[in-house]
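Peer 1: mind folding the following:
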Amino acid sequence: MPAQPHAVYQSPRALIESSASAITIPGLYEWHAEHNPNYSLFRFHDGQAVKDVTYAQACQGIRRVAKYVRAIAGSPSVAREPVAILANADSITYCLTSVGILRAGHVLFPISVRNSSAAVAELLRRTGCKHVLVSADEHMSAVARCAVEELKGVSLHPIQTFEGIFPEGEAADDGEDDLRVEYNVDDVAMILHSSGDRCADGYIGSTGHPKPIYWTHKRMVSRGTTSWYGEVDLTGHVIAGHGTPMFHAHGVSLYSTAVTTGIVIGVFAPAAPPVFSTSENVFEGAMTVSADHVVTVPPFVEEWARDPKKVDHMRRIKGVWFGGGELQQEVGDRLASQGVSLIIVYGCTEVGAVANVIPADPGMDYAYFSVTPWIQTKLLEAGDEKYEIVVLSPPDCPLPVVNTKIDGMDGFATNDLVVPHPTRPGMWKLYGRRDDQIVLSNGEKTNPLPLERGINDDPHVQDCVMFGNMKFQNGVLVQPIPELDIDPDDEGAVAKFRNLIWPTVERVNAGAPQQSRIFKEMILVTSPSKPFDYNAKGNIRRGAILQRYAKEIDALYDRVEQSVQGDIAAPSIWDPESTRSFVRAVIRRVMMRPLLDDSADFFRSGCDRSVNSFLLQATWIRNTILRAIRETLPHTAHNIPMNLVFKAPSINALSDTIYGILHNRSEPATTSVTPQDLVDLVEKYSSNLPPRPSPLRQREQTKDTILITGTTGGFGCDILEHLLLDEGVEKIYAFNRPGSQAMERQRASFRKRGLDETLLESPRFRMVDAVLDTPGFGLEATLLEEIRNSVTHIMHNAWKVDVNLSLPSFEPDLRAVRNFVELSLSAPYIDMPIVQFVSTVGVLRNCELDPPIPEVQMDPSSSIGTGYSEAKWVAEGILANVKDSAEVPAVIVRLGQVCGDRNGYWKENEWFPPIVKTALSLGCLPDMDGSVSFIPGYSAARAFTEMRKSPSGSVLHLVHPRPVPWRTVMAPIAKELGVPMVPFTNWIAAIQQLASGDGEEVAQRYPAVFFLSFFKRKPVSLLQLDTRNARAQSGTLDVLDELGEGIARRWVAGWRASEFLPPSVIKRDFQLRSVATDL
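Peer 2: Now for the predicted structure:
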């Protein structure tokens, strides 16, 4: 079998595409033996020289196997039997045996050698397989014998060796007369099987055993044609498959693609036992056969990347194909930048290839793929800008497995999540498995795979599994390397192990989303008596493992509820300095980094930006402090308020507050804000204004140029679309925080809110990274000058939204208002840009005027109660002052409660959704008198853009002009959840009772407690507000339809879709049902 010179290749494509074609894989091998007899199928290096197996030779071997199989299983005219292969065999032997089974007219059943005997037995039982070809090695023989012990009528047969398939000196024999088979292309040709961790329809089975997947002859041939739809003609290319197991679906695809496309498969030299693949011999094998492409797994690529010589070789070949896992981004980026063509391989046993085979030039986008035109897919939104791939089943060549219907068409929901490329439509990146995603109780999501991989890099860790679904915080179950032999009941040994791996966990945390970080106390160590289970692919069986450790995981959460940061010693004496030192240690531990200044607001300086995570981190800080106080001064612990951390959000403020509480100061000074404090802040930020430039000139532009802030948030996103659709707008500068991939987030927000993403391609739109509380916004001088010379309107929408934070936390927002005032003053025109500010109706919370409350400036006392409303009043005061003192034009728009986006989805971190979620555990919803003026976000945003034409000094109430009773929106929600409505006074009493407790369960199940102080005051949305001025400035607002039951049901549907609420009502006894009943 010397290497063959380049032979002329005749393509079978016309035969395969013929409408009358009934061709099969074994038929194609026979066709090649006739039309391409000297063309190479396999290429290997035997240590001396390169050798080839041609189609003529392969077909001879296939016929010998077919005769052997016929002798074992009988003629297919009697019965078409599944013939299984359970064998450690070299690639050539395995491939020819597989095709030989088909050539004999029977059903091919390759079984993974990684399966346990129990899994093999289950597969044989489910498929009715009576014949198994087994390799002679001791391990496979033992597995096979054990598997068939309790199965009746199953026979084990030795698999032929390479030498048996190609006996020396035996004459060629076509064997056509005694191997004739009548094939029906719609009959089952092959049985593959799932990995063993999931059933074919996506759920974890009760046994966790692999499930059979049936492929027809037609589907098998069709699978081989995938590369026809790619961007590169692979005919004649040598594909090194040295590390590809032939029992796997990808191995099948190699020898199916070979007969449809004309690739040459590079393999190890035939041997018994076969060569065990390593990163070194796979690379060497690819080099010795002069492969154009190499097919491998990410760990091998990462290993090769360490060797400059291997990198140079990879750079010179046509492609390095990787699949089966995630390639480390740092490695991939480095290789791609050096010219290595990295090609992602993605598919599944139930479908075949999903990623296009192959792209011409992946470049730096190697992690992304386009879907092969060979299949038809639908991408179903899975929340958080993730999509699940669903493959539709063509009626003329059905998928082996279907588990859903899309628009009446059968399909296979892959359970795989993808994210879109930020700038290249139709390009996707794998994110993870849908059922692997961890959804915390606050709705935040974690993709565990990259974090687990990072932890597994620690030399003391054998493997790990993250957990936390519907809990308040993620944790990780770690299996130490066997040498450590740790007893999980030995607290000292566990603590030592946690410290040992903690530097690795910290590195993982540094690159992880804030909500996904792992605290040291959330590391759980496995027991040597309960090692991890693995599927046939060698991957962890996540569901089975978490089920086995369910009791230990629940116990861990119980312990954490009682003491979060137990290794931080409580002060022996609570004097000012020791209190401050303790608080500093707690803050640093929870934030996982030190603050530069004890007076820094830690919600501004490092805590997670999402409000749900604010609540989580604040709870951890509070519980740690509470634990220390209980240990030392237990009689004072009941004085610690639930919102302690939000009221004192710096080390200094928190230390002073705690010291005051412990020394019988009933109310900490940090909670006391007076109207004069607000007036002083107005004066601070509106005095000493810079002079205007000279000389001033008239504007020549006729259209508006808008500077808008906060466009990646919900309301700002809606405003931006309206501006982009407005023909009266010439240019839009969108100011958003730097270093946060603003454009990518902008696109994602548009998609999520059902907006037209193509508008963002407009040359009228420019995204600007800006630091709003810094003079000059951190912009380059040329850009700042461009903006100064063109902007006609400044729409200031960006603002920290958190009703729990105190006034000092909002000083950066107030500095931003001052900066925009100075920007307006610096314009070289007589007419300064109008500052249009998004205020809040919250500034009216204490207003004593008779309703309807007019659209005018208010006394500062009207806003006292939350730092949020107080800061908004200060901003209004700044703009009112500068209008009077420097004639800076300003329009104040007091925005009411926005109740969802264009699709009806209402963000969970606002005050109303927690009421709804709390009802699931409390068992009731509050009933209130009065009406609500909630306003849909998209309509409110359009009204806001119309209001930019308002006269300077206008104060406008952007609320629904036609309020409806509270019950109109709450009663449909109560019906959806199956809970009663109770008087508000009784409901708030129950919330207060819950807030007096502690522990993470409160944060997890009753999120309304965090808004207790907000609820104690009458919600501003129930106030009756005058809207005459607002309606006069906005035609949209003037004709807005009132709210009804339909929108309330859409809110619930949106919360279920985001998994903030469970997918459907679960009839159960609520833990606090007795409380609800008593109400």
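Peer 1: okay, now the residue lying closest to G47 once chain neighbours are set aside: neighbour count?
Peer 2: Of all residues not flanking G47 in the chain, A269 sits nearest, at 6.9 Å (CB to CB, 6 or more residues apart in numbering). C-beta: built from backbone N, CA, C; applies to glycine. For A269, the neighbour count with other CB atoms under 10 Å is 18.
Peer 1: could you do K975 as well?
Peer 2: Residues near K975, counting by other CB under 10 Å, number 15.
Peer 1: contacting residues for it?
Peer 2: Not one residue lies near K975 by CB atoms under 8 Å, 6 or more residues apart in numbering.
Peer 1: the closest residue to I523 other than its chain neighbours and P528: what is the separation?
Peer 2: Using CB to CB, 6+ apart and skipping residues adjacent in sequence, the residue nearest I523 is R498, 5.0 Å away. R498 sits 17 Å away from P528, going by CB to CB, to the nearest Å.
Peer 1: now the phi/psi pair for the residue nearest the centre of the chain, please.
Peer 2: In the chain, the C-alpha closest to the average C-alpha coordinate belongs to N447, at a distance of 5.4 Å (CA atoms, centre = their mean). Backbone torsions of N447, given as degrees, to the nearest 10, read phi -90, psi 110.
Peer 1: what residues are up against it?
Peer 2: 431-432, 436-438, 516.
Peer 1: ok, now with 10 Å
Peer 2: Contact analysis of N447 by CB atoms under 10 Å, 6 or more residues apart in numbering lists 384, 386, 417, 419, 431-433, 436-438, 466, 512-513, 516.
Peer 1: out of R498 and P528, which sits in the busier spot?
Peer 2: Set R498 next to P528 and count neighbours by other CB under 10 Å: R498 wins out with 18 against 13.
Peer 1: ok, the residue nearest to I523 touching G475?
Peer 2: No. With contact defined as CB atoms under 10 Å, R498 does not count as touching G475 (11.8 Å).
Peer 1: need the residues touching each of those two.
Peer 2: Here R498 and G475 have 521-524 as joint contacts, going by CB under 10 Å, 6+ apart.
Peer 1: select from those residues the one having the most neighbours.
Peer 2: Across these, neighbour numbers were computed from other CB under 10 Å; M522 holds the maximum, 23 neighbours.
Peer 1: next structured bit after the helix or strand containing D558?
Peer 2: Per DSSP states H and E, D558 falls inside helix 550-562. Counting by DSSP H and E, the next helix or strand C-terminal to helix 550-562 is helix 576-591.
Peer 1: where along the stretch 251-400 of the chain do the helices fall?
Peer 2: In the stretch 251-400 of the chain, the helices defined using DSSP state H, counting those that start in this stretch lie at 279-288, 298-304, 308-316, 329-337.
Peer 1: buried set for the shortest one?
Peer 2: Across helix 298-304, burial judged by 16 or more other CB atoms under 10 Å covers 298, 300-304.
Peer 1: so which elements touch it?
Peer 2: Counting contacts by 3 or more CB pairs under 10 Å, 6 or more residues apart in numbering; DSSP states H and E, helix 298-304 is packed against helix 279-288, strand 293-296, helix 308-316, strand 319-322, helix 329-337, strand 342-344.
Peer 1: mind checking the pLDDT average for that helix?
Peer 2: The predicted model assigns helix 298-304 a mean pLDDT of 91.
Peer 1: export the helices of the stretch 251-400 of the chain as TSV, with columns for distance to S806.
Peer 2: Formatted as TSV, the helices of the stretch 251-400 of the chain follow (distance: least, CB to CB, whole Å):
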stretch	distance to S806
helix 279-288	57
helix 298-304	48
helix 308-316	55
helix 329-337	40
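Peer 1: A941: which of these is closest?
Peer 2: Nearest of the helices of the stretch 251-400 of the chain to A941, taken as CB to CB: helix 329-337 at 36.4 Å.
Peer 1: can you check the pLDDT for Y905?
Peer 2: Here, the pLDDT recorded for Y905 equals 84.
Peer 1: ok, Q1071 next?
Peer 2: Reported pLDDT for Q1071: 38.
Peer 1: need the contact list for I523.
Peer 2: I523 sits next to 455, 464, 475-478, 494-495, 497-498, 501-502, 505, 556 when contact means CB under 10 Å, 6+ apart.
Peer 1: partners of it in the sheet?
Peer 2: Beta bridges link I523 to V476 when assigned by DSSP bridges.
Peer 1: over to D463?
Peer 2: Beta-bridge partners of D463, counted by DSSP bridges, are Q479.
Peer 1: what's the separation between it and V99?
Peer 2: Separation of D463 from V99 (CB to CB): 37 Å.
Peer 1: looking at those two, which one has more neighbours?
Peer 2: Neighbour count, other CB under 10 Å: between D463 and V99, V99 has more, with 25 against 19.
Peer 1: around the residue lying closest to that one once chain neighbours are set aside, count how many other residues there are.
Peer 2: Ranked by CB to CB, 6+ apart and with sequence neighbours excluded, the top spatial neighbour of V99 is I62, at 4.9 Å. Other residues within reach of I62, judged by other CB under 10 Å, total 28.
Peer 1: helix or strand next in line after the host helix or strand of M970, which one?
Peer 2: According to DSSP H and E, M970 maps onto helix 966-977. Downstream of helix 966-977, the first helix or strand assigned by DSSP H and E is strand 981-983.
Peer 1: pull out the buried positions in that following strand.
Peer 2: Residues of strand 981-983 classed as buried: 981-982 (neighbour count, 16+ other CB under 10 Å).
Peer 1: what helices and strands are in contact with that strand?
Peer 2: With contacts taken as 3+ CB pairs under 10 Å, 6+ apart, strand 981-983 sits against strand 925-927, helix 966-977, helix 984-995, helix 1073-1078.
Peer 1: what pairs with the first one, and is each one parallel or antiparallel?
Peer 2: This means strand 925-927. Strand 925-927 is paired, per DSSP bridges, with strand 981-983 (parallel).
Peer 1: so what's the gap between the partner strand and the chain middle?
Peer 2: 38 Å (CA atoms, centre = their mean, to the nearest Å).
Peer 1: including distance to A628, could the shared contacts of R498 and G475 go into TSV?
Peer 2: Formatted as TSV, these follow (distance: CB to CB, whole Å):
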residue	distance to A628
E521	15
M522	20
I523	22
L524	24
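Peer 1: identify, from these, the entry nearest to N623.
Peer 2: Nearest to N623 out of those is E521 (CB to CB; 11.1 Å).
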